Every structure is written in structure tokens, then in C-alpha cells.
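[1] Could you work out the structure for the sequence below:
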Amino acid sequence: MSDEFIEASEGTSSEEVLLSDRIADLVEYLVLNIVDDPDGVSLEVIDGEDSSTIEITVAADDVAKVIGRHGRTIKAIRTLARALAARLGTSVEVEVLG
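    Below is the predicted model of the structure:
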């Protein structure tokens, strides 16, 4: 085993990584179907001890679409992500970066 793999896997089990990846896949699917520029979408998953954070980066023209009127769209995305996380026994936060 390489040293890089050992350092990357310390503190997180492969199961936790898979759970956060499943949630990120759901968020990515939802966001890709909302935006006009799917090539401008990127997600970064930051795994913590107790929870994960998914940071969504979209093109400047698509930020308003992802957030929605009065924040309703991003609230719905967060609700779905949290529901899946609860079902998988973890917690997650979703943030939009312009």
C-alpha cells in the first residue's frame, strides 16, 4: 500500500466515503438537471468526523437557478440530501459557491 493511500484513508472508513459519494451523486444529478451549463458544474465533498459538506460550484449565470426564488430550490436540494443522509445514517450540508 502506498503512503498516500494510507494518509488519505486515516480517520475515514471506506464506507463513510461511499455514503458521502452516494449523496453527492444525488446532488449532482439534481443540479445538472437545473442548470443551462452542465460543464460548469463541479462538486467537492469534504468529509468530516461526524458529517460531510458538499460544495457545489456552478457557472455565474446558473447560480440564481440553483438557489431559486427565495432560496426554495437549494432548500429542496438540501432537504433531499439530508433525507438520504439520514437514511444512510450520516449527516450532510450542501453549500453553493458561485
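
[2] those helices in the protein, which residues are they?
    Taking DSSP state H as the criterion, the chain contains helices spanning 3-9, 14-32, 63-67, 72-88.

[3] got those as CSV, with distance to residue 98 and mean pLDDT columns?
    The C-beta positions use only the backbone N, C-alpha and C, and glycine is treated the same way. CSV is the format used below for the helices of the chain (distance: least, CB to CB, whole Å; pLDDT from 0 to 100):
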stretch, distance to residue 98, mean pLDDT
helix 3-9, 29, 39
helix 14-32, 13, 85
helix 63-67, 5, 96
helix 72-88, 12, 96
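
[4] Nearest to residue 54 among these would be which one?
    In terms of CB to CB, the element of the helices of the chain nearest to residue 54 is helix 14-32, at 5.3 Å.

[5] Give me the residues contacting the closest one.
    Contacts with helix 14-32, where a contact means CB atoms under 8 Å, 6 or more residues apart in numbering, come from 38, 41, 43, 45, 47, 52, 54, 56, 58, 66, 77, 80-81, 84-85, 88-90, 92, 94.

[6] Next, the buried residues of that helix.
    Within helix 14-32, the residues scored as buried using 16 or more other CB atoms under 10 Å are 16, 19, 20, 23, 24, 26, 27, 28, 30, 31.

[7] Stretch 30-42 too?
    Burial within stretch 30-42, assessed by neighbour count using 16+ other CB under 10 Å, is assigned to 30, 31, 34, 35, 41.

[8] Kindly report the same for stretch 43-56.
    Of the residues in stretch 43-56, those buried by neighbour count under the rule 16+ other CB under 10 Å are 43, 47, 52, 54, 56.
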